[in-house]
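Undergrad: sequence and predicted structure below; questions after.
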Amino acid sequence: MALDEEVVAAIYREHGTALRRFVISASHDPLLADDIVQETVLRVWQQAPKITGSMRSYLFRTARNIMIDNYRKSQRRPQEAEERDLADPAEATGRVDELLTRVLMEEALLRLSTEHRDVLVALHYRRFTVSEAAVQLNIPSGTVKSRAFYAVKAMRTILDEMGVER
């Protein structure tokens with residue numbers, strides 16, 4: 001079953017802005033970003049029956065692959081004068097991977113309960129110790145440890161549901 005125009009429009013409404021921001025942060029070129037977003041939605045439209053898991057993570061992975069494909073294509077032809085000053089391609093690919101990971105982790109964190117999210121943010125992002133997190137969150141240290149254990153477990157389940165591979 002192919003996607004119809006309403007579904008494509010819904011994809012743009014729900015994910016277009018975030019997808020465009022992701023591509024711009026990697027490419028720094030708004031026109032190129034628009035092309036990549038269009039190509040991404042076109043591929044989703046063509047692959048609709050095969051999508052399992054999170055639509056957003058599929059879109060971001062597809063956009064990442066398109067950016068890598070575009071880079072590889074550009075390397076097959078002679079460089080233009082203004083392209084010679086571009087950053088190292090391995091660094092650019094690493095940056096795209098880092099951005100994709102960040103976006104997927106943020107989406108997964110939003111799916112956690114507030115209590116679990118608060119503990120993970122305190123321990124892993126703010127780098128608090130268990131004691132510092134307990135004081136900050138106004139809960140006992142044992143509760144911090146327990147919530148951290150179950151939060152990581154829930155996070156793994158969420159990431160699996162999103163189709164993220166370890």
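TA: Noted; the coordinates are in hand. Residues are numbered from 1 along each chain as shown.
Undergrad: least trustworthy helix or strand in the chain by mean pLDDT?
TA: Using mean pLDDT, DSSP states H and E, the weakest-scoring helix or strand in the chain turns out to be helix 89-111, at a mean of 78.
Undergrad: contact partners of that helix?
TA: Counting by CB atoms under 8 Å, 6 or more residues apart in numbering, helix 89-111 makes contact with 18, 22, 25-26, 54, 56-57, 60-61, 64, 67-68, 71, 75, 86, 117, 120-121, 155, 158-159, 162, 164, all of which sit outside it. For the C-beta atoms, the positions are set from N, CA and C on the backbone; glycine is no exception.
Undergrad: packing partners for the host helix or strand of Val37?
TA: Using DSSP states H and E, Val37 maps to helix 30-47. In this structure, helix 30-47 makes packing contacts with helix 5-27, helix 55-76, judged by 3 or more CB pairs under 8 Å, 6 or more residues apart in numbering; DSSP states H and E.
Undergrad: ramachandran angles for Arg126?
TA: Phi and psi for Arg126, reported as degrees, to the nearest 10, are phi -90, psi -10.
Undergrad: count the neighbours of it for me.
TA: Counted by other CB atoms under 10 Å, the residues lying close to Arg126 total 11.
Undergrad: now it: how far from Ser74?
TA: Distance from Arg126 to Ser74, counting by CB to CB, to the nearest Å: 40 Å.
Undergrad: just Leu31 next, same as before
TA: If you measure Leu31 against Ser74 using CB to CB, the figure is 15 Å.
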